[in-house]
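J.: task: produce atomic coordinates for the following.
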Amino acid sequence: VPLEVRSLRIRTRVIGAVALTEIEQTFYNPTDRRAEGTFYFPVPAGASLSRFAMYVEEELVEGELVDREKARRVYEAIVRKMQDPALMEWQEGNIFKTRIFPIPARGPKRILISYTQVLRAVDGVRRYVYPLVSKITQTTPIGRFELNAELSGLDPDKRVGVPSCDDADVRREGNDASVKLVRENFRPTRDFVLRFGPARRSALEFMTDRRRGEDGFFMLSYLPEPDGAAPEKRPGRDVVLMVDTSLSRRADDYRAQMDVLRTMLGELGPDDRFAVISFDVEARTLNNGFVSGPSAVTAVVGGLEKFLPLGATDLVRAFARLDSFLDDFKPRGRPEVVLVSDGIATIGETAPEKVVAQVLPMLERHRARFHAAAMGSRYEQLVLRELARRTGGLFRAISPGDDVRGEAFRMSMAMDSELVDAPRMEFSGAEVHSVLPAAGDTLVAGEETVVLGRYKQVGALTVTVKRPGADDVAAEFNLPETDSRNVFIPRLWAREK
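T.: As a prediction, this is how the structure comes out:
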């Protein structure tokens, strides 16, 4: 059934590095018969789904997290009884597929979804992205759209930017801000993006959650002061850009990918060389070896601009093409590989962990440093982040609704910087355990690190941050007996696990 979206209300609360989002969405069945509806809801990578509920005859019924096969059996049994179930299932690329039955003839169905996510500061800026562009909104407009965001803990000297919606109502008061956007018959062409700078009282900040008699949870963020030094370009680099040309690319995603490509090629120095591989079902090298200079850039960009995205995505085949290219045309030193894609394989090997297992040895064989420019609101974080982490490269998410060229420029500059491993956290005093992630991302100086963990006993905890070539940073925090202010931490910890 081609459902209509009668209304979409989004309420977001940002507290420090954490964003809590609640969505109330009303669908409408325009047909004369009762029907089952299916919609796909993208959840930001790393976010933790905390609520799924549906109104049944004006009564709000809460969903329950259970095993997928059991949920599907229960759903089908209820449908046979002509009652009102809803089934939400996780799909690849952080997508939740939701089946709802029945949606009454010429009638609405209202659902609620909530999720929590960590907004890690990069280059001194936090970014909040709400995915708006979908197959539904590209064919039918949203009847009424309303977004309200409340932000706290902001740097009063940095502006709150909404690059995708210039008419958003932004109001500031000290370290707080509110953002409101209302549209009627809204047909979005870009995702909603918020950019803001965090205010920090100290480099280390700490939050806890604990129920009496149970092990507690904590979230620790470390945001060092940036050194302010502009990176010096390293001469004589060899760079391979891999560009996704599959049909999975939305029109705005593909335009954004082209902006990333133009920007990164434009930032290459006179001694740098590059090659471009485009891929979908097949993989094609657009250069006969490494090339350089403005005319080579113009030729490659012009060819890709005429290209029509087509077919599925065979990610392993794309990297196999990279592997043979680096065999045929030996790079000078350690090659830089930049993937501009959502990283979702839809043909060939599609399981994320198996994609990593097959691709990583190819990159390691050539000592390649892999960087991922994850495009759009839907991408396979496991593949992109793990490959970047294991080869010492960067992972960046870029939304078409953001300042795409600015983000690509900053990523290009970061690739010129000295990249370092995530700092090592040492804990003393009260006992902590199950600290995640076990291995952090590759970072540029000044980037934020966020870890989550558990603790057994109450009392004083000393945290010491150790970084090669830098002074240790230490702080003491209290682990309380009970704390119910930050109930989102257990879900974020479980999501990271």
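J.: distance of Arg385 from Val61?
T.: To Val61, Arg385 is 36 Å away according to Cβ to Cβ, to the nearest Å. Any C-beta I mention is one placed from the backbone N, CA and C, and that applies to glycine too.
J.: cool, and Asp416?
T.: 54 Å.
J.: looking at these two, which is more packed in?
T.: Between Asp416 and Val61, counting by other Cβ atoms under 10 Å, Asp416 is the more crowded of the two (17 against 13).
J.: quick one, phi/psi of the more buried one?
T.: phi -80, psi -20 (degrees, to the nearest 10).
J.: who does the helix or strand encompassing His371 touch, helix- and strand-wise?
T.: Per DSSP states H and E: His371 is located in strand 369-375. In this structure, strand 369-375 makes packing contacts with helix 251-266, strand 336-341, helix 381-391, strand 395-398, helix 404-416, judged by 3 or more Cβ pairs under 8 Å, 6 or more residues apart in numbering; DSSP states H and E.
J.: who's in contact with it?
T.: 45, 244, 249, 253, 256-257, 260, 334-343, 363, 381, 384-385, 387-388, 390-398, 400, 408, 411, 415 (Cβ atoms under 8 Å, 6 or more residues apart in numbering).
J.: between helix 404-416 and it, find me the angle.
T.: 170 degrees (axes from the mean of the first three to the mean of the last three Cα atoms, to 10 degrees).
J.: TSV for the helices and strands packed on strand 369-375, including mean pLDDT?
T.: What follows is the helices and strands packed on strand 369-375, written out as TSV (pLDDT from 0 to 100):
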stretch	mean pLDDT
helix 251-266	88
strand 336-341	96
helix 381-391	91
strand 395-398	90
helix 404-416	87
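J.: among those, which is the most enclosed?
T.: Highest mean neighbour count of those: strand 336-341, a mean of 27 (counted as mean count of other Cβ atoms under 10 Å).
J.: columns distance to Val291 on top of the helices and strands packed on strand 369-375, output as JSON lines?
T.: Shown next, in JSON lines, are the helices and strands packed on strand 369-375 (distance: least, Cβ to Cβ, whole Å):
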{"stretch": "helix 251-266", "distance to Val291": "10"}
{"stretch": "strand 336-341", "distance to Val291": "15"}
{"stretch": "helix 381-391", "distance to Val291": "24"}
{"stretch": "strand 395-398", "distance to Val291": "25"}
{"stretch": "helix 404-416", "distance to Val291": "18"}
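J.: and of these, who's closest to Ser152?
T.: strand 395-398 (23.2 Å; Cβ to Cβ).
J.: output the closest one as CSV, restricted to C-alpha atoms.
T.: What follows is strand 395-398, C-alpha atoms only, in CSV (Å, rounded to 0.1, in the frame of the first residue of the first chain):
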residue,chain,number,x,y,z
PHE,A,395,35.9,7.4,9.3
ARG,A,396,33.6,10.4,8.5
ALA,A,397,29.8,10.5,8.0
ILE,A,398,28.7,13.2,5.5
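J.: ok, that strand: who's next to it in the sheet?
T.: strand 369-375 (parallel) (DSSP bridges).
J.: using the three-state scheme, assign the nearest residue to His366 once chain neighbours are set aside.
T.: By the measure of Cβ to Cβ, 6 or more residues apart in numbering, the closest residue to His366 outside its immediate chain neighbours is Leu326, 4.6 Å from it. Three-state call for Leu326 (DSSP: H, G, I helix; E, B strand; the rest coil): helix.
J.: alright, that wraps it up for me.
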